[in-house]
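Student: okay, here's the prediction I keep looking at, along with the sequence it came from:
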Amino acid sequence: MGLPKTGPRVSSQRSLENVKHIVFVSAGKGGVGKSSVTANLAVALRNRDLNVGILDSDIFGPNIPKLMGLRGEPRISANKKLIPLMNHGIQTMSMGYLVPEKAAVVWRGLMVQKALQQLLFDVEWRNLDVLLVDTPPGTGDVQITLGQQLKIDGAVIVTTSQDLALSDVRRGLTMFEKISIPILGIVENMSVFTCPKCHHEEHIFGESEELKSLQQQGVALLGRIPLSREMCGSVLPATDRHSQTGAVFEAIATEVLKKIS
């Protein structure tokens, strides 16, 4: 497969009011830590005194509320729009705020589309420099709808080094090519484990030739996030920009800003 190339923009695409840049955070499959990367990348961008928001567009499995330490229903503004919930100085909106915490969203077709439209266009974002859109895993209706309706600056694809995960990355690249969204690059999550006692580095999921192949084709590697306990904790590691993991997210944020500026 050749490199995805950006095609002509669709005339029906819209900007969001009070939002300068929109970036997808995507993954070809679940379980690679996409939402954790989204939350930490948002913090790293906020560390630069940017106004940052997260739109959790995963209707069936919203994780941003828990990652951001937020719960409860959003208030309604004077303009009849949803007011984002905030933590770490980051504005967030998610279906997880609109349904009971442990409820399963058992919807199909039109109901999903209606909910997505509300999350897209009925939120009162406040002067955002960057809005990160945490998309569902895979290459489904939500990604296509978002890509057709919004002017997206680019997509960050999260993966592990497993060849199965990276084969799904290629499917994601193809999808973004079809909906004319530039690829900002790949984030390799859980890339290496460093023993806290002897400092030996172990590539738990191996070192993939597939990732090297993608790089040779021109797909940027934005950063490698180590496998660490802090990524599984209740505190977002990017809040400590001087920690090992925090420094990685700082570097990823730098690359993302270069590509969308």
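Tutor: That came in fine, so what should we check first? Numbering: from 1, shown residues only.
Student: SS state for residue 21?
Tutor: What DSSP: H, G, I helix; E, B strand; the rest coil gives for residue 21 is strand.
Student: quickly note the distance from the residue in the chain sticking out farthest from the centre to residue 134.
Tutor: Going by Cα atoms, centre = their mean, the residue of the chain most distant from its centre is residue 198, 33.4 Å out. Counting by Cβ to Cβ, to the nearest Å, the gap between residue 198 and residue 134 amounts to 36 Å. The way it works is simple: take the backbone N, C-alpha and C, and place the C-beta from them, glycine included.
Student: could I get the full set of helices for this protein?
Tutor: Ranges of helices within the chain are 34-46, 64-67, 109-121, 141-149, 163-178, 209-216, 244-260, based on DSSP state H.
Student: helices or strands next to the first one in the packing?
Tutor: The helices and strands touching helix 34-46, judged by 3 or more Cβ pairs under 8 Å, 6 or more residues apart in numbering; DSSP states H and E, are strand 19-27, strand 52-56, helix 64-67, strand 90-94, strand 128-134, strand 154-159, helix 244-260.
Student: including mean pLDDT, could the ones you listed go into a markdown table?
Tutor: Listed next are the helices and strands packed on helix 34-46 as a markdown table, based on pLDDT from 0 to 100:
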| stretch | mean pLDDT |
| --- | --- |
| strand 19-27 | 95 |
| strand 52-56 | 97 |
| helix 64-67 | 94 |
| strand 90-94 | 97 |
| strand 128-134 | 97 |
| strand 154-159 | 94 |
| helix 244-260 | 96 |
